[in-house]
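1. Fold the following and give me the result.
(one chain, ligands or ions: 2)
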Amino acid sequence: MLGGRILHGGDYNPDQWLDHPEIFEEDVKLMKAAHVNCVSLGIFAWAALEPEEGVYQLDWMDHIITRLEQEGIQVVLATPSGAMPHWLTQKYPEVMQVQADGRRNLPGKRHNFCYTSPVMRQKITEMDRELAKRFGRRSNVILWHISNELGGNFADSVCHCELCQAAFRKWLKKKYGTLDNLNRAWWNYFWSHTYTDWEQIHSPVPNGETTSTALFLDWRRFSTEQMNDFYQLEARTVKEYSDLPATTNFMYFFKGLDYNRMKKGVDIISWDNYPFWHKEKDEVPTAVKAAASHSLMRSLNQAPFLMMESSPSAISWRQHNPLKRPGMHMLSGMQALAHGSDSVQYFQWRKGRGGFEKFHGAVMDHKNGSNTRVFRDVAELGERLEGLGELLSHTVNRPKAAIVFDWENWWALEDTQGPRLDFNYVKTILAHYRTFWEQGIEADLISMDASLEGYHLVTAPLNYLYKDGYAKRVREFTAGGGTFVTTCFSGMVDETDLCFTGHHPLYDVLGIEQEEIDAPSEEFENRFTYEGTVYPAQNLCEIVHAAEDTEVLASYETDFYAGAPVITRHAFGKGRAYYLAAESGLEFLRDFYRKLFVETGLENALKTELPYGVTVTERLGEDGKRVIFVMNFKNEPVRIEGTGSWTDAETKAAYDGTLLLEPFECKVLI
Ligand code: GLA
Ligand code: ZN
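-> Residues are numbered from 1 along each chain as shown. Ligands and ions are numbered 1, 2, ... in the order given. So this is what the prediction gives:
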């Protein structure tokens, strides 16, 4: 655990208040009152740190770091590349990104830089060096926060300038060696797309190439690596003068960057969490999405992560922004811990008086000082986190189930012209994850490159693209006794979106052959009966043939493919593989996985049935220590029966067989 405690605090932007020294002194006093022990400093402070090119003003930051040090408050120190000062964009316009339509951006906003630009790289290196020299070894500085939400600017989040195009061509040359290889891998014989000169290759853009899915895939891979290269440059620079680890704050299920590539050189994963609480009365869909995002971040390095941002109250960027209802602040903070976070950090400590985010929730509002509901909620959570630090140190979740979630599959699936044009990969993943969540079974969200060792159950919904080596790993996993589940429209293409011919790459494991795939409209919906219940077969209905030794557990009941298998099970080595040939609803997934959990020996930590809205997770210590989180996302009390005997880690109360949870309550049990 970083700095030996659960971090509590968040983005602090005193650079907006430099002409108000009294505000800073008040901040320090109130941070103590709010049990804040760590702030992220200087994220957007480039203009304050370097007001003119080459003129550095670091004294104000020195003063702040020193005072925080005296108060025992730690600092996550940011490099300020998230927003560029106007002197920089005025003098060197080439540092600004070029959009897909070829227009260079004008100055303003943030996250607006070209990550290939040598000038940008040079200027940020000089800035970072100054910061690192001065603060890189200060006792209360614990972590580098490189830039901010890299890629978080435009819809496709990347730069299309000539320098980026040239870098892309270079990247392709390295990958394919010859144009012949590239043309073959991308199937450029189609529509006369054969390249005869590397210079003909251009990034995919709406007014240019939008139909080459292989180009899209490589462009996104390249963009991620180029962004990561920029990250690594900054991380390397600050590490010249400091031994601290580095992070950069990721954003949930963000399509623009493959975080499995982006994590290279990221010592500690961190991310920004803004769930849409109170979107509806039923908080479960939101809780599931937040839980899945946490699980995704934890799974990247199989380690505790940091929740680098969250709002202590409302946010300001959705169409409407509900306040957190009483109890939700505590619960959503505890939820982060429950899934492996070692922090609850906010955006931000104090609302600015002006600027774009002046109404975004913050610990300190414009009015009423610390006499606010939000401040009290924050202080209450902070105090609770102090009490949990020791208990949670050196613990992390170690689920026995995994869901394959892979960015390359996401990109390829949603780009492809196929049986449907409305694939929503994240929605599908969340539907599967939800059934795990509802039954208190934590799952990792892993890429196709991850090791499958240690899992009992691996499920891979809509796993359209197969990366090299993946089928082999799944085969070994299943042969070794694992249970593998996959669905229709899986194993269709390789890494450059070329269709597999002959068989499904795992046909021997799955025991099926795919033939056709129907995407019926509602009136043509099919159905099947599984374990005595009838479920719809909808959206995608694949027609597959079962091998002789494959068990058919359910079949289509109508239309010309009546009798074809919908659910199959095939024994392979010591394990077994399930194939779900059709999509169905949540009801089916719930029942299917419920049965599978029993079969694979997966149970929740309380070993009992959970009421709707309640979930359970577990953090494990190396010494076998178990810490159980029981969370009630219903705004009403719930009762859980058959729980066995537990001690409340905080109140020391003993529970025997029954647990009562208040509305939005989280209990920590040992
Ligand atoms: C992001 C950014 C922050 C802030 C918040 C507001 O996560 O990193 O700087 O803009 O959003 O929700
Ligand atoms: Zn560029």
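2. my guess is residue 180 is in a helix, correct?
-> Yes - per DSSP: H, G, I helix; E, B strand; the rest coil, residue 180 lies within a helix segment.
3. and it, what pLDDT?
-> Confidence at residue 180, expressed as pLDDT, is 98.
4. Quick check: the gap between it and residue 221.
-> Here the criterion is C-beta to C-beta, to the nearest Å. By it, residue 180 lies 20 Å from residue 221. The C-beta positions use only the backbone N, C-alpha and C, and glycine is treated the same way.
5. Of those two, which one has the most company?
-> Higher neighbour count among residue 180 and residue 221: residue 221, with 18 against 11, using other C-beta atoms under 10 Å.
6. Now do the helices in the stretch 351-500 of the chain.
-> Assigned by DSSP state H, counting those that start in this stretch, the stretch 351-500 of the chain shows helices spanning 373-392, 407-415, 425-438, 470-479.
7. what do you get for the stretch 51-200 of the chain?
-> Secondary structure of the stretch 51-200 of the chain (DSSP H, counting those that start in this stretch): helices at 59-70, 86-91, 118-135, 162-176, 179-186.
8. need the ones you listed in JSON lines with distance to ligand 1, can you?
-> Formatted as JSON lines, the helices of the stretch 51-200 of the chain follow (distance: least, C-beta to the nearest ligand atom, whole Å):
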{"stretch": "helix 59-70", "distance to ligand 1": "18"}
{"stretch": "helix 86-91", "distance to ligand 1": "19"}
{"stretch": "helix 118-135", "distance to ligand 1": "18"}
{"stretch": "helix 162-176", "distance to ligand 1": "23"}
{"stretch": "helix 179-186", "distance to ligand 1": "36"}
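9. Check the ones you listed for me and report the most buried one.
-> Each of those was scored by mean neighbour count; the highest is helix 118-135, a mean of 19, by mean count of other C-beta atoms under 10 Å.
10. quick check: angle from it to helix 59-70?
-> Interaxial angle, helix 118-135 versus helix 59-70 (axes from the mean of the first three to the mean of the last three C-alpha atoms, to 10 degrees): 40 degrees.
11. Looking at helix 118-135 now, give me its mean pLDDT.
-> The model assigns helix 118-135 a mean pLDDT of 98.
12. and what of stretch 251-258?
-> The average pLDDT within stretch 251-258 is 94.
13. Please determine whether that stretch lies in contact with ligand 1.
-> No - Stretch 251-258 does not reach ligand 1 (C-beta under 6 Å from any ligand atom); its nearest approach is 6.9 Å.
14. what's the first-to-last distance across that stretch?
-> Stretch 251-258 stretches 11 Å from its first residue to its last (C-alpha to C-alpha, to the nearest Å).
15. My reading is that residue 40 lies in a helix. Confirm?
-> No - assigned with three-state DSSP, residue 40 falls outside any helix and is strand.
16. What residues does it make contact with?
-> 9-12, 75-78, 145, 308, 345 (C-beta atoms under 8 Å, 6 or more residues apart in numbering).
17. hmm, 10 Å instead?
-> Taking C-beta atoms under 10 Å, 6 or more residues apart in numbering as the criterion, residue 40 is in contact with 7, 9-13, 75-78, 143, 145, 148, 249, 270, 306, 308-309, 345-349.
18. Cross those residues against strands and list the overlap.
-> Using DSSP state E, 7, 9-12, 75-78, 143, 145, 249, 270, 306, 308-309, 345-346 are the members of the contacts of residue 40 that sit in strands.
19. so which of the helices of the stretch 51-200 of the chain gets nearest residue 336?
-> Ranking the helices of the stretch 51-200 of the chain by distance to residue 336, with C-beta to C-beta as the measure, places helix 59-70 first at 23.3 Å.
20. how many degrees apart are the closest one and strand 7-12 in direction?
-> Counting by the same axes, to 10 degrees, helix 59-70 points 170 degrees away from the direction of strand 7-12.
21. Any buried residues in whichever strand or helix holds residue 227, and which?
-> Using DSSP states H and E, the element containing residue 227 is helix 213-239. For helix 213-239, the neighbour count (16 or more other C-beta atoms under 10 Å) marks 213-228, 230-235, 237-239 as buried.
22. tell me what it is packed against?
-> Contacts defined by 3 or more C-beta pairs under 10 Å, 6 or more residues apart in numbering; DSSP states H and E place helix 213-239 against helix 118-135, strand 141-145, helix 162-176, helix 179-186, strand 246-247, helix 259-262, helix 407-415.
23. Try it again at 6 Å.
-> Packing contacts for helix 213-239, counted by 3 or more C-beta pairs under 6 Å, 6 or more residues apart in numbering; DSSP states H and E, involve helix 118-135, helix 259-262, helix 407-415.
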